[in-house]
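Q: give me coordinates for this.
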Amino acid sequence: MKLTSSLDLASFQKRLLATPLRFLLTPLSWLYAAVISGRNRLYALGVLKARTLPCRVISVGNIVVGGTGKTPAVIAIAKHLQEKNVRVGILLRGYKRVSREKVTIVSDGEKVCASLRESGDEAYMMARHLSGIPIVVGGQRYQAGQIVLERFNIDVLLLDDGFQHRQLARDVDILTLSAKHPFGSPQKLLPAGTLREPPTALQRADIIVLTHIDTTDATRHTKEAVGQLAPNALVLESIHQPVRIYPLVPEVDKEEMGFRPAVKGLKGKRILAVCGIGKPDAFVATLMQCSPESVELLAFPDHHVYVEADIVQIDIAFQAAQADLIVTTQKDEQKLVNLVAQLESPIAVLEIALVISEDIERLTAALLSSR
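A: Numbers count the residues shown, from 1 in each chain. As a prediction, this is how the structure comes out:
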């Protein structure tokens, strides 16, 4: 596997950490830690109070910046509750969305009601691939939650990326942690590391989902460390399972590109993986489950907005790798679709599902039972 990465904030941070200037970041991490600690203590003492919505609220979040499988976990939990005849709504902040509206209804459960720019990456992706579930974005979660309840008949509100959003009370706090690097790399608070909160924050979690357990031998060690930090939490293991592949443009001649919807169609293929996500190596690991001959990676920054120059870069990388097929993620799908006509190489999307590998009924009971 060959890794090619465009320069972004994360790579700049890594380069800075590898120089003597890294010491400039440490005092900023101390300041950040003091602010986070003080804020959490004020909530613990009741000086700051969370506001409560008249429905069950389940938060899914993380303590490490990006790449822990949070969004696939939200989708998996939403589908699971839906299968149990629970009426679910999803509320997101709408990271990097461009809209004058404080609250935007991305999906009413039947159709997509907003554009990618108005929605943000994750919300728009969910809206296109989830049915029967209203999806709303808004920076002020309590006010946005009120609008969800006014507009839609739901039993449970799923709060995406809500662990640090203490202003809204929740009934269940779920954390997703990478089994390989549960506390980031390096294991320091922002900006000297990738931790949004110290590992002791796990004490607030009710459920902890370890992700990508099939890509590391460290799962047992991670589970023991998590158990010591959060002895009362339900700890579950999960994998990212490839479900199917489909053309980025539905009208494409599937036979011409040698396309088969089953993931076994990737067996023996030379693949160029193209993505702009938090942990591109995890995407490669999931592709490797499909038994390709080889996978080369062209990684762009997380939440990357593709432009024409990127398409040229992708074509060059495709030719250099002598690849049979480009495969991208569902998160990148809509940001590439308007440029794909300029792409000379065949491109498909890999649908991935987070699968919890333990007794699912334990998760159901934890999601729906009172504290």
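Q: for the residue nearest the centre of the chain, which non-adjacent residue is spatially closest?
A: By CA atoms, centre = their mean, the chain has its centre lying nearest to Thr71, at 3.4 Å. In this structure, Thr71 finds its nearest non-sequential neighbour in Glu122, 4.9 Å apart by CB to CB, 6 or more residues apart in numbering. No exception for glycine: its C-beta is placed from N, CA and C like everyone else's.
Q: could you do Pro280 as well?
A: Counting by CB to CB, 6+ apart, Ala299 is the residue found nearest to Pro280 once chain neighbours are left out, at 4.0 Å.
Q: what pLDDT does the model give the one you found?
A: On pLDDT, Ala299 comes in at 97.
Q: Ala192 now?
A: 88.
Q: how many residues are close by it?
A: Here the number of neighbours of Ala192 (other CB atoms under 10 Å) works out to 23.
Q: any idea whether it is helix, strand or coil?
A: Following DSSP: H, G, I helix; E, B strand; the rest coil, Ala192 is assigned to coil.
Q: quick one on the thing from earlier: beta partners of the residue nearest to Pro280?
A: Ser5, Cys275 (DSSP bridges).
Q: kindly report the same for Thr104.
A: Val137.
Q: give the contact list for the residue lying closest to Leu53 once chain neighbours are set aside.
A: Leaving aside its sequence neighbours, Leu53 sits nearest to Gly145 (CB to CB, 6+ apart; 4.7 Å). Neighbouring residues of Gly145 by CB atoms under 8 Å, 6 or more residues apart in numbering: Leu53, Cys55, Val57, Leu91, Leu157, Leu168.
Q: I'd like the distance between Gly145 and Arg100.
A: Gly145 sits 20 Å away from Arg100, going by CB to CB, to the nearest Å.
Q: please apply the same query to Leu236.
A: Computed with CB to CB, the distance linking Leu236 and Arg100 is 40 Å.
Q: repeat for Ala179
A: Plainly put, Ala179 is 41 Å away from Arg100 if you go by CB to CB.
Q: which of these two has more residues huddled nearby?
A: Using other CB under 10 Å as the criterion, Ala179 and Arg100 rank with Ala179 on top: 26 against 6.
Q: I'd like to know how far that one sits from Gln203.
A: From Ala179 across to Gln203, the span is 20 Å (CB to CB).
Q: what do you get for Pro292?
A: 42 Å.
Q: so which of those two has more stuff around it?
A: More crowded of Pro292 and Gln203, by other CB under 10 Å: Pro292, with 19 against 11.
Q: and that one, what does it touch?
A: Pro292 neighbours (CB under 8 Å, 6+ apart): Leu266, Lys267, Gly268, Lys269, Arg270, Ile271.
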